[in-house]
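Chemist: heads up, no residue letters with this:
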């Protein structure tokens, strides 16, 4: 999921990594560790053919690698495809990782039994205040881009959806999968042709927040709607593990509901060990057909219908969204809070002041200037200030359609801007920009929240499915040893000298086009932006900051309305492919537009 805040994670993830493919046979001795065998690219192409300003179709070769990741049974072979996929991403230099997240947050000492997830969301389903207060105020962001489960792809939206909807499955406090709307967690049955079938029975008596009875067909409808290209869901590709999926109009998920029996039957195209986690993910939440046929249903409390522990009571745009206890939730008897008010703001200082005076009980918006102070104070650290585990990467992403041709006043996506300039040269420039960034300075002096400098896209700590940490076998995109930063800069200068005029007297390039750096204006994001501006400015590379509200920037990224932007990606489920699959051609999260037309 897209992450709003700039000050967040670096985590060692424990547990068995999920995999998609036929159910694996026991691995032969010695196959569970060591370097994965290299895999040749599906098509032997140069950078010009991998991607381009007009959306070359050969990026479909990357799509094929991801398909192999999701259908290969042997864990070592599967890992090798994931390593190969990340190499493809690296070679485009459209993703420039900065650091691996941690999650600094503030929580009242009186707030108990909330569920904190390293996947980014927080559940207040069974939370309570030991002071007896039954109404709490929390903060994660400004207004969400959407409150439609099919369309949301942000962490802040997922927090609200997790508290207002319930999927077939959910999580307990230890992040184990448990039944929510389902009676029980079921194991799939093997079918002919390597497919697997789930038959899931819903709990009796389930109701929507407006009192209408829930049906198994509500899940069937919701999933097929989210997978339909006409819905334009960023997460459409998350249904590709289900038989019958296609990213075009031929998509027909092999999902069948029997309302009389209260069951939903799902056939996956292969064994998928993380499918249980998908069924607990917001994109897989149910919606009701008669409700969502009103296209504005998710924009007002008067039309918002959900099925989780809380229901929307009020939404004042730019101010707050209030959820109240849902008496029709199946486990309402154990929901202790009467209401949750989501305070909608990115004003770090105001949020911190409101936490200090007791108005806000939980927030992930922590002023970067306060983090070192809070860490050093034993009366605050791990008392009401925490640095939580997170599985994610903070990065810059660059739109492949924008040319950095020497001599342009500003970067441009016009035909003239590409005359005499190739995508391969553009990629070299992006590589050089990445090398000029001092990641150690950012994590030590700017964010200061325990983050780790990034040297690849998939975050540190994730297992590759063979018992080996992914990053230990993957390519290191650059050295993050502080002693090597001067060498990184020297390499960058040599790359740029091939194309731009370098003034030896000033040590700056004189004809590098100016470009925009888009960011939503939290103190953390802007502090990182300012630091990188200075690093690039040392070499005559001028950047203009393009500040946009979080909802606005999400829309712009999907539309390709940016040159370079900050973003964070937090794992939706615990598997490296979750980071790699966001860049398949059909993904709405493929913001660089790899393999896609402008």
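Modeler: All right, it came through fine. Keep in mind that what you see is a predicted model, and the values were worked out from it rather than measured.
Chemist: which residue of this protein sits farthest from its center?
Modeler: residue 505 (43.8 Å; CA atoms, centre = their mean).
Chemist: If we go by neighbour counts, what in stretch 423-439 is buried?
Modeler: 423, 425-439 (16 or more other CB atoms under 10 Å). Quick note: C-beta positions are derived from backbone N, CA and C, even for glycine.
Chemist: which pair in the residues you listed spans the largest distance?
Modeler: 423 and 438 (27.4 Å; CB to CB).
Chemist: Shouldn't the residue farthest from the centre of the chain be within a helix?
Modeler: No. Assigned with DSSP: H, G, I helix; E, B strand; the rest coil, residue 505 falls outside any helix and is coil.
Chemist: and it, how far is that from residue 152?
Modeler: Per CB to CB, to the nearest Å, residue 505 is found 52 Å from residue 152.
Chemist: now do residue 527
Modeler: Distance from residue 527 to residue 152, by CB to CB: 27 Å.
Chemist: Who has more neighbours out of the two?
Modeler: The residue with more neighbours, out of residue 527 and residue 152, is residue 152; 26 against 20, by other CB atoms under 10 Å.
Chemist: hmm, back to that, from the buried residues of stretch 423-439, which is closest to residue 299?
Modeler: Each of the buried residues of stretch 423-439 was scored against residue 299 by CB to CB, and residue 430 proved nearest at 37.4 Å.
Chemist: Now name the helix or strand holding the closest one.
Modeler: In the assignment (DSSP states H and E), residue 430 maps to helix 423-435.
Chemist: average model confidence for that helix?
Modeler: Averaged over helix 423-435, pLDDT sits at 95.
Chemist: just stretch 143-157 next, same as before
Modeler: The model assigns stretch 143-157 a mean pLDDT of 93.
Chemist: How about stretch 558-576?
Modeler: 92.
Chemist: Could you do stretch 443-463 as well?
Modeler: Stretch 443-463 comes out at a mean pLDDT of 94.
Chemist: Distance from the chain centre to that stretch, please.
Modeler: 15 Å (CA atoms, centre = their mean, to the nearest Å).
Chemist: buried stuff in it?
Modeler: Here stretch 443-463 shows 443, 446-463 as buried, counting by 16+ other CB under 10 Å.
Chemist: now do stretch 316-325
Modeler: Those buried within stretch 316-325 under the rule 16+ other CB under 10 Å are 320-325.
Chemist: May I see those organised as TSV, with pLDDT, secondary structure and distance to residue 245 added?
Modeler: Below are these laid out as TSV (pLDDT from 0 to 100; DSSP: H, G, I helix; E, B strand; the rest coil; distance: CB to CB, whole Å):
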residue	pLDDT	secondary structure	distance to residue 245
320	97	strand	38
321	98	strand	33
322	98	strand	37
323	98	strand	33
324	98	strand	37
325	98	strand	37
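Chemist: From residue 413, how far out is the nearest residue to residue 405 once chain neighbours are set aside?
Modeler: With CB to CB, 6 or more residues apart in numbering as the criterion, residue 405 has its nearest non-adjacent residue at 3.9 Å, and that residue is residue 421. Look at residue 421 and residue 413: by CB to CB, they are 12 Å apart.
Chemist: Tell me which of those two has more neighbours.
Modeler: Neighbour count, other CB under 10 Å: between residue 421 and residue 413, residue 421 has more, with 19 against 15.
Chemist: I'd say the more buried one and residue 407 touch.
Modeler: No. Residue 421 is beyond contact range of residue 407, at 9.7 Å (criterion: CB atoms under 8 Å).
Chemist: closest to residue 96 among the buried residues of stretch 423-439?
Modeler: Of all these, residue 96 sits closest to residue 434, with 4.3 Å by CB to CB.
Chemist: what touches both of residue 421 and residue 413?
Modeler: Here residue 421 and residue 413 have residue 403 as joint contacts, going by CB atoms under 8 Å, 6 or more residues apart in numbering.
Chemist: Can you tell me what sits against the helix or strand harbouring residue 494?
Modeler: In this structure, residue 494 is located in helix 485-497 according to DSSP H and E. The contact list for helix 485-497 (CB under 8 Å, 6+ apart) reads 428-429, 431-433, 435-436, 438, 440, 478-479, 502, 509, 512, 539.
Chemist: and the end-to-end length of stretch 309-329?
Modeler: 5 Å (CA to CA, to the nearest Å).
Chemist: whoops, stretch 363-378 was the one
Modeler: End-to-end for stretch 363-378, by CA to CA: 20 Å.
Chemist: List the buried residues in that stretch.
Modeler: Per 16+ other CB under 10 Å, stretch 363-378 contains these buried residues: 363-368, 370-371, 374-375.
Chemist: Give the next helix or strand downstream of the helix of greatest length in the chain.
Modeler: Assignment by DSSP state H gives helix 75-92 as the longest helix of the chain. Counting by DSSP H and E, the next helix or strand C-terminal to helix 75-92 is strand 95-100.
Chemist: Could you pull up the mean pLDDT of that following strand?
Modeler: pLDDT averaged over strand 95-100 gives 98.
Chemist: just to revisit the earlier point, how near is the residue farthest from the centre of the chain to residue 60?
Modeler: Distance of residue 505 to residue 60, computed by CB to CB: 48 Å.
Chemist: Give the helix, strand or coil label for residue 393.
Modeler: strand.
Chemist: Who does it form a beta bridge with?
Modeler: The bridge-partner assignment for residue 393, based on DSSP bridges, gives residue 100, residue 569.
Chemist: I'd guessed it sits against residue 569; true?
Modeler: Yes. In terms of CB under 8 Å, residue 393 counts as a neighbour of residue 569; the distance is 5.7 Å.
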